[in-house]
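Colleague: pasting the structure only:
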């Protein structure tokens with residue numbers, strides 16, 4: 001209750017600044033009423049969804065939209081605050097100056113200037129429109145990102161081997177079946193040799209997968225579809241009636257993946273063979289630093305794998321690569337991860353800039369990285385969670401081609 005009280009105080013303060021800017025720019029009473037109505041509807045919907053809706057930390061689509069709308073409203077008003085609060089400081093200093101160094105006997109603060117408020121509203125329109133676009137279109141703006149990686153010790157039979165890597169599907173968040181169908185068609189169109197999925201198939205409950213089971217089950221590849229679990233797949237972010245119910249939820253999710261044709265690797269491995277040569281595919285359960293579940297067991301997953309095998313590891317959280325994998329005695333040629341979503345927000349211009357606030361939490365947060373002659377690809381995610389949109393960091397389908405030999409230098 002105290003958190004709600006503090007939040008509402010903060011919301012009112014932010015909204016008042018936005019209202020002052022609107023009132024300064026226009027005298028139309030109807031626009032004033034519209035602004036107030038939007039504020040009331042946005043915060044009212046949030047209270048309705050989170051105060052009286054389904055319990056649990058994981059967001060349903062309706063709760064996600066409530067969160068997304070209030071985030072959009074408050075982010076826009078926060079931009080207004082930057083301008084108006086700066087103006088307030090100037091007005092206050094001016095008032096002190098006139099009181100102390102002029103003949104004015106009263107403490108006079110000048111009124112707000114219209115052009116400052118107009119600039120503030122114009123600047124606020126940028127996050128406002130961007131975040132609405134992210135919710136309407138950005139979250140389904142799927143991109144195919146291709147990489148070619150060279151390895152001197154890649155078995156000859158796997159020269160040109162193609163991997164499609166997807167991650168963080170989060171079926172519980174989807175609200176547009178035609179768009180998801182289009183994305184699945186994009187995955188199938190890559191015609192890769194193998195499809196690897198690195199966790200977070202659901203937000204929380206196995207039942208979230210049911211409406212999408214048949215569609216996701218259409219994914220096929222010559223060497224199969226393999227998967228691992230992500231932190232959200234364990235059902236840790238909701239209250240259960242009993243531990244048995246929670247365990248059954250996880251077992252149901254495992255069974256559903258089996259029925260879809262996904263080979264779920266739980267701290268285990270498989271070998272893919274061609275012309276008498278092989279590569280080792282390993283999958284670990286979730287392992288994340290901080291408060292995240294650490295069920296991944298790399299040593300167990302590597303049982304039966306020779307040191308000289310070419311190894312591809314599937315591990316949901318890239319912090320596992322930083323903390324464990326990269327420093328392991330075994331040489332893991334390629335690790336595939338997800339988890340970060342690229343925070344679903346950032347700026348990426350290939351060759352120029354790659355930035356997201358998530359970089360301050362995760363050293364490796366999107367794309368290909370190389371350390372100690374080992375690679376990791378961090379997929380930006382197929383779905384979304386929390387804020388029901390994406391801005392600048394688009395949903396990703398990664399295609400990685402393995403090539404034998406050293407990369408030729410650019411001429």
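Modeller: Nice, thanks for sending it over. This is a predicted model, so every value here is computed, not measured.
Colleague: which secondary structure elements does the longest helix along the chain contact?
Modeller: Using DSSP state H, we find that the single longest helix of the chain is helix 61-101. Where contact means 3 or more C-beta pairs under 8 Å, 6 or more residues apart in numbering; DSSP states H and E, helix 61-101 is packed against helix 2-25, helix 29-52, helix 114-136. The C-beta positions use only the backbone N, C-alpha and C, and glycine is treated the same way.
Colleague: which residues are in contact with residue 42?
Modeller: Residue 42 makes contact with 69, 70, 73, according to C-beta atoms under 8 Å, 6 or more residues apart in numbering.
Colleague: in this structure the last one contacts residue 39, no?
Modeller: What it means is residue 73. Yes - under the criterion of C-beta atoms under 8 Å, residue 73 makes contact with residue 39 at 7.0 Å.
Colleague: name the member of the contacts of residue 42 with the most neighbours.
Modeller: Within the contacts of residue 42, most neighbours by other C-beta atoms under 10 Å means residue 73, with 22 neighbours.
Colleague: what about this protein, any weak spots by pLDDT?
Modeller: 53-59, 90-92, 94-95, 97-112, 409-411 (pLDDT under 70).
Colleague: now the strands for it?
Modeller: Using DSSP state E, the strands of the chain run over residues 143-151, 161-166, 194-197, 225-227, 262-264, 268-274, 277-283, 310-314, 334-337, 347-349, 353-355, 367-371, 374-378, 396-404.
Colleague: those: which one's closest to residue 84?
Modeller: Residue 84 lies closest to strand 347-349 among those, at 26.1 Å (C-beta to C-beta).
Colleague: ok, and what's touching that closest one?
Modeller: 353, 354, 355, 356, 366, 392, 393.
Colleague: before we move on, the earlier item: so which of the strands of the chain gets nearest residue 290?
Modeller: strand 334-337 (15.3 Å).
Colleague: tell me the spacing between residue 13 and residue 47.
Modeller: To residue 47, residue 13 is 17 Å away according to C-beta to C-beta, to the nearest Å.
Colleague: same question, residue 255
Modeller: 38 Å.
Colleague: these two - which one has more neighbours?
Modeller: Between residue 255 and residue 47, residue 47 has the larger neighbour count (other C-beta under 10 Å), namely 15 against 12.
Colleague: what sits closest to that one if chain neighbours are left out?
Modeller: residue 4 (7.6 Å; C-beta to C-beta, 6 or more residues apart in numbering).
Colleague: what's the answer for residue 181, then?
Modeller: Setting aside the residues directly before and after it, residue 181 is nearest to residue 215 in space (C-beta to C-beta, 6+ apart), at 6.4 Å.
Colleague: next, count neighbours for the one you found.
Modeller: Neighbour tally, residue 215, other C-beta under 10 Å: 16.
Colleague: just the endpoints, please. Distance across stretch 253-269?
Modeller: Terminal residues of stretch 253-269 are spaced 20 Å apart (C-alpha to C-alpha, to the nearest Å).
Colleague: stretch 257-272 now?
Modeller: 20 Å.
Colleague: grab the most central residue of this structure for me.
Modeller: Ranked by distance to the mean C-alpha position of the chain (C-alpha atoms, centre = their mean), the top residue is residue 341 at 2.4 Å.
Colleague: run through the residues that contact residue 215.
Modeller: For residue 215, the contacting residues are 177, 180, 181, 184, by C-beta under 8 Å, 6+ apart.
Colleague: and residue 8, how far is that from residue 81?
Modeller: Taken as C-beta to C-beta, the span from residue 8 to residue 81 is 17 Å.
Colleague: compare neighbour counts for those two and give me the winner.
Modeller: For residue 8 and residue 81, the more surrounded residue by other C-beta under 10 Å is residue 81, and the numbers stand at 20 against 12.
Colleague: contacting residues around the residue nearest to the more buried one when sequence neighbours are not counted?
Modeller: Of all residues not flanking residue 81 in the chain, residue 17 sits nearest, at 4.7 Å (C-beta to C-beta, 6+ apart). For residue 17, the contact set (C-beta under 8 Å, 6+ apart) comprises 77, 80, 81, 84, 85.
Colleague: then residue 366?
Modeller: 340, 342, 346, 348, 354, 356, 358, 378, 380, 393.
Colleague: what's the closest non-adjacent residue to it?
Modeller: Nearest one to residue 366, counting by C-beta to C-beta, 6+ apart, is residue 342 at 4.5 Å.
Colleague: how much space between that neighbour and residue 235?
Modeller: Going from residue 342 to residue 235 by C-beta to C-beta gives 25 Å.
Colleague: same question for residue 322.
Modeller: In terms of C-beta to C-beta, residue 322 sits 26 Å off from residue 235.
Colleague: between the two, tell me which one has more neighbours.
Modeller: Legend: neighbour count by other C-beta under 10 Å for residue 322 and residue 235, higher for residue 235 (22 against 17).
Colleague: quick one: that one and residue 207 touch, right?
Modeller: No - contact criterion C-beta under 8 Å: residue 235 and residue 207 do not qualify, at 10.8 Å.
Colleague: rewinding a little: return the member of the contacts of strand 347-349 nearest to residue 251.
Modeller: residue 366 (32.6 Å).
Colleague: what's around the nearest residue to residue 123 once chain neighbours are set aside, how many residues?
Modeller: The spatially closest residue to residue 123, leaving aside those adjacent along the chain, is residue 79, at 5.1 Å (C-beta to C-beta, 6+ apart). By other C-beta under 10 Å, 21 other residues sit near residue 79.
Colleague: and residue 79, what does it touch?
Modeller: 120, 123, 124, 126, 127.
Colleague: for the last one, which non-adjacent residue is closest in space?
Modeller: Here the nearest residue to residue 127 in space, its sequence neighbours aside, is residue 75; by C-beta to C-beta, 6+ apart that works out to 4.8 Å.
Colleague: quick check: the one you found vs residue 128, distance?
Modeller: In this view, residue 75 and residue 128 are 8 Å apart by C-beta to C-beta.
Colleague: then residue 205?
Modeller: Taking C-beta to C-beta as the measure, residue 205 and residue 128 are separated by 33 Å.
Colleague: quick one, which of the contacts of residue 17 are buried?
Modeller: Buried subset of the contacts of residue 17 (neighbour count, 16 or more other C-beta atoms under 10 Å): 77, 80, 81, 84.
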